[in-house]
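In: no FASTA, just this:
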């Protein structure tokens with residue numbers, strides 16, 4: 001698929017591009033220009049995709065490990081070869097700055113390479129069963145088998161790598177997949193689907209379907225032949241999906257309002273401020289582990305705050321296709337208006353806007369606030385925009401409590417050199433991961449990834465996802 005302004009393409013099913021039906025226009029977050037049009041799949045198309053997925057199960061389940069590994073390695077190689085093509089797709093439809101888009105392609109390469117390795121390692125165990133008299137000669141074997149067709153629902157903010165985090169483990173596990181990409185970013189997902197099929201994954205075992213919310217809801221709730229739903233997106237939608245999905249397995253990677261604690265024994269404040277600025281403002285804060293709350297020891301609070309202001313001022317906002325841009329647009333003008341409204345609401349409630357927070361179209365300048373309180377949307381909810389709150393603390397235990405005062409619990413960061421405080425934070429913080437010595441937006445794709453509370457259910461990261469997409473099956477051998 002070659003992207004030109006005004007490109008029209010169909011959804012992907014059974015190895016074919018289907019272009020008949022209603023179309024969805026995709027617009028640039030930067031200038032709202034038309035990126036292209038994509039055919040919207042219908043409920044009938046979704047049902048047909050499930051038919052193909054079910055029919056393909058015998059084939060995908062029987063694919064030998066070497067073949068699954070080869071397919072995944074070939075996808076990784078194709079992404080390396082087509083790196084600039086995919087990066088430009090991400091810039092066009094997601095508005096991600098080009099340098100960050102290239103990093104996303106690199107991350108997707110690692111995701112597929114890791115899945116290839118895990119496909120080769122996916123094993124089982126032998127279990128002795130002659131443990132009680134009368135069971136002589138019995139032994140058992142446990143192997144993992146694919147659960148069945150997977151429905152994968154992905155967001156706009158990482159239109160390549162978060163799609164890869166659904167498709168790569170499914171291929172490694174031997175599960176057919178129906179992918180519903182975000183309506184803002186279908187082209188990257190469709191291009192990846194083409195690459196996967198070209199690498200040798202069975203045509204009928206992958207469908208990329210831009211669907212309406214209503215038809216996606218129907219597919220998740222009513223189609224019992226779907227065995228697992230993997231959803232990345234907002235907490236409200238994710239938990240609603242789980243509540244009505246019946247007996248299906250459901251994996252949820254949802255939102256967050258990530259926090260960082262900086263204790264006074266951390267002397268590298270210039271580096272901490274620079275890392276904070278990147279963690280909070282890169283890609284306009286549109287990441288579920290974007291740094292949103294910083295709790296700083298009162299002893300160093302003022303010094304750190306003004307260093308952060310200086311670092312934020314040096315970031316380059318603007319056109320995401322520009323090589324120098326670090327802070328691009330929000331995905332929609334309406335999202336920028338929402339973030340602007342939350343900032344104004346916090347200021348009206350007594351918070352102080354130290355820097356930024358000005359909106360022009362879909363752009364918001366990096367905003368730094370202090371004096372926020374629980375109950376403010378900026379403090380309690382996921383802002384998903386270029387905003388960071390910086391608050392002082394006197395007592396380390398209170399800082400931990402402030403981090404936990406949230407319905408989210410995805411990742412947190414901690415800057416201290418005190419081993420006792422590190423262990424206390426590791427024990428007390430209600431998060432899926434604690435990042436010590438760095439900001440909470442750090443992630444390596446192979447690691448287990450997910451959260452607690454409203455941040456989700458289950459874990460991504462390739463090995464963890466493969467385990468979720470397979471089930472153990474016991475074989476008992478007697479008298480042989």
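Out: Happy to help now that I have it. The structure displayed is predicted, hence computed values, not measured ones.
In: only C-alpha atoms for contact and neighbour calcs from this point on.
Out: OK.
In: can I assume residue 305 is in contact with residue 389?
Out: No - assessed by Cα atoms under 8 Å, residue 305 is found out of contact with residue 389, at 10.1 Å.
In: all helices of the stretch 251-400 of the chain, in order?
Out: 269-281, 301-314, 333-348, 377-380, 396-404 (DSSP state H, counting those that start in this stretch).
In: pipe those into JSON lines and attach distance to residue 23 and mean pLDDT per row.
Out: As requested, the helices of the stretch 251-400 of the chain are arranged in JSON lines below (distance: least, Cα to Cα, whole Å; pLDDT from 0 to 100):
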{"stretch": "helix 269-281", "distance to residue 23": "33", "mean pLDDT": "98"}
{"stretch": "helix 301-314", "distance to residue 23": "40", "mean pLDDT": "98"}
{"stretch": "helix 333-348", "distance to residue 23": "22", "mean pLDDT": "98"}
{"stretch": "helix 377-380", "distance to residue 23": "35", "mean pLDDT": "96"}
{"stretch": "helix 396-404", "distance to residue 23": "44", "mean pLDDT": "98"}
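In: quote the end-to-end distance of stretch 81-101.
Out: The separation between the terminal residues of stretch 81-101, taken as Cα to Cα, to the nearest Å, is 15 Å.
In: now it: buried residues?
Out: 83, 85-101 (16 or more other Cα atoms under 10 Å).
In: how is this structure carved up into domains?
Out: The chain is divided into the following domains under automatic domain parsing: 7-254+456-476, 258-444.
In: reformat those as TSV; add distance to residue 450.
Out: Formatted as TSV, the domains of the chain follow (distance: least, Cα to Cα, whole Å):
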stretch	distance to residue 450
domain 7-254+456-476	5
domain 258-444	6
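In: okay, and for the chain, where does confidence drop off?
Out: 1-6, 480 (pLDDT under 70).
In: so where's the longest helix in it?
Out: When every helix of the chain is counted residue by residue (DSSP state H), the longest turns out to be helix 98-121.
In: show me what that helix is packed against.
Out: Other elements packing on helix 98-121 under the criterion 3 or more Cα pairs under 8 Å, 6 or more residues apart in numbering; DSSP states H and E are helix 65-81, helix 83-94, helix 161-173, helix 462-468.
In: so which residues make contact with that helix?
Out: Among residues not part of helix 98-121, those counted as contacts by Cα atoms under 8 Å, 6 or more residues apart in numbering are 65-66, 68-73, 75-77, 79-80, 83-84, 86-88, 90-91, 158, 160-161, 164-165, 168-169, 172-173, 283, 320-323, 325-326, 445-446, 462-463.
In: just the buried ones from these?
Out: Among the contacts of helix 98-121, those that count as buried by neighbour count (16+ other Cα under 10 Å) are 65, 68-73, 75-77, 79, 83, 86-88, 90-91, 158, 160-161, 164-165, 168-169, 172-173, 283, 320-321, 325-326, 445-446, 462-463.
In: can you list contacts of stretch 359-372?
Out: Contacts for stretch 359-372 (Cα under 8 Å, 6+ apart): 29-30, 281, 284, 309, 312, 317-318, 328-337, 340, 346, 350-358, 379, 386-391.
In: give the contact list for residue 321.
Out: Residue 321 is in contact with 88, 91, 97, 98, counting by Cα under 8 Å, 6+ apart.
In: with distance to residue 128 as added columns, please give those in a markdown table.
Out: Compiled in a markdown table, the contacts of residue 321 are given as follows (distance: Cα to Cα, whole Å):
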| residue | distance to residue 128 |
| --- | --- |
| 88 | 55 |
| 91 | 55 |
| 97 | 56 |
| 98 | 55 |
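In: max pairwise distance over those: which two?
Out: Of all pairs drawn from those, the greatest distance, 9.6 Å, lies between 88 and 97 (Cα to Cα).
In: who does the helix or strand following the longest helix of the chain pair up with?
Out: For helix 98-121, the succeeding helix or strand toward the C-terminus, using DSSP states H and E, is strand 125-128. Sheet pairing of strand 125-128 (DSSP bridges) gives strand 139-146 (antiparallel).
In: can you give the contact residues for the partner strand?
Out: Residues external to strand 139-146 that are found in contact with it (Cα under 8 Å, 6+ apart): 61, 122-130, 173-175, 469-478.
In: same question, stretch 218-234
Out: Stretch 218-234 has contacts (Cα under 8 Å, 6+ apart) with 43, 46-47, 50, 54, 147-155, 166, 238, 241, 244-246, 248-255, 469.
In: follow-up on the earlier one: so for residue 262, which of the helices and strands packed on helix 98-121 sits nearest?
Out: Closest approach to residue 262 among the helices and strands packed on helix 98-121 is made by helix 161-173 (29.8 Å; Cα to Cα).
In: check which helices and strands that closest one sits against.
Out: helix 65-81, helix 98-121, helix 462-468.
In: can I get these in TSV including distance to residue 408?
Out: As requested, the helices and strands packed on helix 161-173 are exported to TSV (distance: least, Cα to Cα, whole Å):
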stretch	distance to residue 408
helix 65-81	33
helix 98-121	25
helix 462-468	21
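In: mind checking which of the ones you listed is nearest residue 292?
Out: When the helices and strands packed on helix 161-173 are compared for distance to residue 292 using Cα to Cα, the nearest one is helix 98-121, at 19.3 Å.
In: mind listing what's buried in the closest one?
Out: For helix 98-121, burial by neighbour count (16+ other Cα under 10 Å) applies to 98-102, 104-120.
In: same thing with stretch 424-444?
Out: Within stretch 424-444, the residues scored as buried using 16+ other Cα under 10 Å are 425-426, 429-436, 438-442.
In: just stretch 340-359 next, same as before
Out: Neighbour-count burial for stretch 340-359 flags 340, 342, 343, 346, 347, 351, 352, 353, 355, 356, 357 (criterion: 16+ other Cα under 10 Å).
In: and the furthest pair within the residues you listed?
Out: Longest span within these, Cα to Cα: 342 and 355, 15.0 Å.
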